[in-house]
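Chemist: how does the following fold in three dimensions:
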Amino acid sequence: MKLEGVDASDARAVLRGLRGAVLGAGPAIALGAGPGHALGRARDGQLVASGSLPTEVPAGTAVVVRTSGSTGHPKSVALSRSALTASALATAERVGEGAWLLALPPGYIAGVQVLVRALVAGREPAILTGAFSAHAFAAAASAMASSEGGVRVPTYTSLVPAQLQTVLDAIEGGDKGAERALVSFEAILVGGQALAPALAERARAVGARIVRTYGSSETSGGCVYDGIPLTGTGVRIDGGEVQLSGPTLADGYLGDPAQTDTVFVRDETGTRWYRTGDLGTFDGGRLAVTGRADNVIVSGGINVSLDRVERAVRTVPGFEGAVVVPVPDERWGQASVVVADSPAARDAGALEAVRTAVAAEVGKPARPREVRAVARIPLLPSGKPDRAAARLEALGTALSPDDGRPPAAT
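Modeler: Have a look, this model is predicted:
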């Protein structure tokens, strides 16, 4: 199967590529996580795969998603048309069928799946063009209104938490158009990162129907909704790690069989599982993700999960979108800093507020060292926080008050 690159910033181009790759005979398309990610330009102006990506891929491959994530380690995730279609059908089964609005970058799996769901449903997707704003979101949503046989066609969209917060801020500022738009959707899938409880509550308060999704490029996007796996998705906890199975799994990492064999494993029955790297529990058929296995610091000889710290920080009013990052500490070895872009981060009592919340939820040794107020949380093109850039913002902050811990054992 031929592999061709598509400009991942051009939603219409991605849609055309997906139409052929998912519904037609190909070619497969490669989507970069940003400019210059193993994509070259041919004489006719068509983007084609080059560099580390081959020009041919196994039969059945539909999309290669280039991801770098917040850690900066690029991967080429190969997804089959059957995996993408299985994900779209399972989503329709769970939330319903209708028209979809693309408000996410089309070159990332969440954006890809919005387009695939529209194609599988046989409906042209609405596309929000330009920079995301509450006004643009409202305009795109209002243009979707339609009916069939006198019955309104349900509408759906996917957002990342930062986008949802932008719309909610506008609503709370009196923007009635944004409010009408938000509540018009039958379901709003929110994923890409954990949704802060306070942000979810704000959305519920205005009548928005939020569905929290969990998944990744390796699972063709979200495959667990509000903690409940979609039809066909299996969940198990192995050594504390969340592992997923089912028809939506990627074929692997293109050109990297060793990494593929490490991340995708088979059990004694032959079932293939994706090792997410996330920690969690699966009780009563409901998945709860507690954090990343690798997002732990050792501070004063005590292991501290920064995911747990971040969740506690986000319960503090004004810190719903805060990011917690690790920094070196002369006394404790490692510590954490809260990076936030809200006015609350500049209040004199900001540090005490977040330290109190973390102490109550996680314990005193986990309390952040400092709050760093920034103009804007750095984001990746996918809309997720750029944690590497946020960490650079946090470095150089002053050392903090005594945490009351004994020194680490030697």
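Chemist: how about residue 111, what does it touch?
Modeler: Residue 111 sits next to 11, 14, 102, 104-105, 158 when contact means C-beta atoms under 8 Å, 6 or more residues apart in numbering. Backbone N, C-alpha and C define where each C-beta goes, glycine included.
Chemist: which residues touch residue 82?
Modeler: For residue 82, the residues meeting the contact criterion (C-beta under 8 Å, 6+ apart) are 60, 247.
Chemist: top helix in this structure by residue count?
Modeler: helix 81-95 (DSSP state H).
Chemist: strands of the stretch 201-350 of the chain, start to end?
Modeler: 210-216, 221-225, 228-229, 234-238, 241-245, 252-253, 264-266, 272-283, 286-292, 296-299, 302-305, 323-329, 333-340 (DSSP state E, counting those that start in this stretch).
Chemist: what angle do the second one and strand 210-216 make?
Modeler: If I follow you right, that is strand 221-225. Angle, strand 221-225 to strand 210-216, by axes from the mean of the first three to the mean of the last three C-alpha atoms, to 10 degrees: 130 degrees.
Chemist: quick one: strand 221-225 to strand 234-238, angle?
Modeler: Between the axes of strand 221-225 and strand 234-238, defined by the same axes, to 10 degrees, the angle is 90 degrees.
Chemist: what about strand 221-225, distance to the chain center?
Modeler: Between the mean C-alpha location of strand 221-225 and the chain-wide mean there is a distance of 11 Å, by C-alpha atoms, centre = their mean, to the nearest Å.
Chemist: rebuild the strands of the stretch 201-350 of the chain as CSV, extending it with mean neighbour count and mean pLDDT.
Modeler: Compiled in CSV, the strands of the stretch 201-350 of the chain are given as follows (neighbours: other C-beta atoms under 10 Å; pLDDT from 0 to 100):
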stretch, mean neighbour count, mean pLDDT
strand 210-216, 21, 95
strand 221-225, 26, 97
strand 228-229, 18, 98
strand 234-238, 15, 96
strand 241-245, 21, 96
strand 252-253, 21, 94
strand 264-266, 14, 97
strand 272-283, 18, 93
strand 286-292, 16, 88
strand 296-299, 18, 85
strand 302-305, 18, 85
strand 323-329, 21, 91
strand 333-340, 23, 92
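Chemist: quick one: which of these is nearest residue 364?
Modeler: Ranking those by distance to residue 364, with C-beta to C-beta as the measure, places strand 302-305 first at 9.8 Å.
Chemist: what does that closest one rub up against?
Modeler: Strand 302-305 is contacted by residues 279, 290-291, 295-298, 334, 336, 362, 365-366, 405 when judged by C-beta under 8 Å, 6+ apart.
Chemist: so what's residue 108 closest to, chain neighbours aside?
Modeler: Counting by C-beta to C-beta, 6 or more residues apart in numbering, residue 382 is the residue found nearest to residue 108 once chain neighbours are left out, at 4.4 Å.
Chemist: please disregard the earlier target; I meant residue 312.
Modeler: Residue nearest to residue 312 in three dimensions, not counting chain neighbours: residue 361, with 3.9 Å by C-beta to C-beta, 6+ apart.
Chemist: do you know how far that neighbour is from residue 252?
Modeler: The span separating residue 361 from residue 252 equals 38 Å under the rule C-beta to C-beta, to the nearest Å.
Chemist: same question, residue 345
Modeler: Distance from residue 345 to residue 252, counting by C-beta to C-beta: 41 Å.
Chemist: can you give me the helices for the stretch 301-410 of the chain?
Modeler: Along the stretch 301-410 of the chain, the segments classed as helices by DSSP state H, counting those that start in this stretch run 306-313, 350-361, 387-394.
Chemist: off-centre distance for the second one?
Modeler: From the chain centre to the centre of helix 350-361 is a distance of 26 Å (C-alpha atoms, centre = their mean).
Chemist: got the angle between that helix and helix 306-313?
Modeler: 110 degrees.
Chemist: same question for the last one.
Modeler: Between helix 387-394 and helix 306-313, the angle formed by their directions is 70 degrees, by the same axes, to 10 degrees.
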